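Visitor: A predicted structure for the sequence below; I have some questions about it.
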Amino acid sequence: MLDVNGTLVWYYNICKREVYLMSHGIVPNQDDENIEIGRFIHENYYRRNEKEIRFGNVVFDIMYQSGSKLIIGETKKSSKFLDASKWQLLYYLKILSDAGIEAKGVLQYPEERRRVEVELTEENIKKLKEMEEEIKNIIEAPLPPKVEDCIYCKSCAYREYCYA
């Protein structure tokens, strides 16, 4: 079984069906414009920072020191998925915290010239534990959740799996 990771936490906060598809190795349309833009941003912004730092089963985009504080970050195309992005980064902060590493998080939106700071709280930790359990239940289910049409479906790289 696939372990819960930041990407699944991100998908969970957008579409539970995507969690199932991703966790079962069903790859979204790689020619989708949004995936190509995301790939470009990931490869071309913030070159001076460490990239794709692996820690256990998670990978985050950016890590740097600010004074005595460790900062980890995610670079995103737009703040359209701000809530999902926050939970993804909070999940990374929880993984680090579980290992005894204190850090702060920052979401970076280079095209918007915007930064959002994220800090882990006890309330967030509780919610993340609930999310992890629900994600595991989705992964272990014999079938994906039913299609729930939402505002994101129109631009989703998985739309062919749901509406073909």
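Guide: That came through, no problem.
Visitor: For the rest of this, base every contact and every neighbour count on C-alpha atoms.
Guide: OK.
Visitor: What is the longest helix along the chain packed up against?
Guide: Longest helix in the chain by number of residues (criterion: DSSP state H): helix 122-140. Helix 122-140 is packed against helix 6-12, helix 16-23, helix 82-98, with contacts defined by 3 or more Cα pairs under 8 Å, 6 or more residues apart in numbering; DSSP states H and E.
Visitor: after it, next one along is what?
Guide: Past helix 122-140, further along toward the C-terminus, the next helix or strand under DSSP states H and E is helix 159-163.
Visitor: For that next one, list every residue counted as buried.
Guide: By neighbour count, with 16 or more other Cα atoms under 10 Å as the criterion, the buried positions of helix 159-163 are Arg159.
Visitor: Could you export the helices and strands packed on helix 122-140 as CSV, including mean neighbour count?
Guide: Putting the helices and strands packed on helix 122-140 into CSV (neighbours: other Cα atoms under 10 Å) gives the following:
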stretch, mean neighbour count
helix 6-12, 22
helix 16-23, 22
helix 82-98, 21
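Visitor: closest to Pro110 out of those?
Guide: Closest of the helices and strands packed on helix 122-140 to Pro110 is helix 82-98, at 13.7 Å (criterion: Cα to Cα).
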